[in-house]
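Chemist: following is a predicted model, sequence given first.
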Amino acid sequence: MKNFVLNSREDLIEAVKYFGFLPFFANEIEGFSIEEMTPSSRWFTGLDGPWDWKGPVIGEGDCVYGKFFANKAGFVSNRWFPDFANIRRDGYDFDARAEDGLASYNDQYLYGIISRHHSILSKDAKIEGGYVKPRKNSPDAWQPRKGFDTSITRLQMQCYVIISNFEYEMSKSGEFYGWGIARYAIPEEYPGKKKFTDKVYRHTVEDSRRRVKKHLKSVLEDTDETLLNRLIGR
């Protein structure tokens, strides 16, 4: 495996471009994560690091971001995302999945909220969907809808939803603060959608799997095939 040391977002962009797939956190493939490639001095230390880079990398790195790897986050390059999505979707667009009874009502409900918008912040999706109490004028007996985290994670794992950016709250003094708030989007409705939409079902699922596996074998030399299969999924 090629050795990357991530000291800048440019380093991260280059790593995503090279590997095509890059989990954020340590996983079954030793050394194959942003966490393990980042010097400890830049991991949760207050210095400029991957937690700050992930939003800009989404915008600049010719890649997508989401919870794609064992329900945890990571990047996939735009070159490989159509094949990856074809595999994870098992060849289904979302409407066909729903028509065949393969998407739960809760997943359809949340997908509908996101698809009605060009993109939507997680906090706004939760409010619109009734997952959190509205800001005011709520009946005393009002109960929040459950299942947001489960559905949004599954929709990302199936590549029907991506995180298109992270945005920050702003104080009265004009300073950004807190953790970045995820902005969700549907790949078919995201900038560059035509390239994705034209390519996602171009190959059979098995052809997409062969293409992805061949690439991963070339960049993750000597990695056990069982681990590659689990990384690819389905």
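Modeler: Received, thanks.

Chemist: contacts, neighbours, all on C-alpha from now
Modeler: Noted.

Chemist: what about the residue nearest to Ser104 when sequence neighbours are not counted, how many neighbours?
Modeler: Leaving aside its chain neighbours, Ser104 sits nearest to Ala98 (7.6 Å; criterion: CA to CA, 6 or more residues apart in numbering). Counted with other CA atoms under 10 Å, the neighbours of Ala98 add up to 15.

Chemist: so Glu128 sits in a helix?
Modeler: Yes. Secondary structure of Glu128 (DSSP: H, G, I helix; E, B strand; the rest coil): part of a helix.

Chemist: how about the secondary structure of the spatially most central residue of the chain?
Modeler: The chain has Gly66 as the residue nearest its centroid, 0.9 Å off, counting by CA atoms, centre = their mean. When classified by three-state DSSP, Gly66 comes out as strand.

Chemist: so what touches the strand or helix carrying the residue nearest to Ser104?
Modeler: Using DSSP states H and E, Ala98 sits within helix 94-99. With CA atoms under 8 Å, 6 or more residues apart in numbering as the test, helix 94-99 has contacts from 103-104, 108, 160.

Chemist: try 7 Å this time
Modeler: Under the criterion CA atoms under 7 Å, 6 or more residues apart in numbering, residues Ala103 lie in contact with helix 94-99.

Chemist: do a quick rundown of the strands in the protein.
Modeler: For the chain, the strands defined by DSSP state E cover 21-23, 63-69, 72-77, 120-121, 162-170, 176-185.

Chemist: nearest to Glu36 among those strands would be which one?
Modeler: strand 21-23 (10.0 Å; CA to CA).

Chemist: on that earlier part again, so how far is Arg234 from the residue nearest to Ser104?
Modeler: Ala98 sits 18 Å away from Arg234, going by CA to CA, to the nearest Å.

Chemist: so who does Ile114 touch?
Modeler: Neighbours of Ile114 in contact, by CA under 7 Å, 6+ apart: 120, 184-185.

Chemist: now do 10 Å
Modeler: Residues in contact with Ile114, defined by CA atoms under 10 Å, 6 or more residues apart in numbering, are 120-122, 124-125, 128-129, 161, 183-186.
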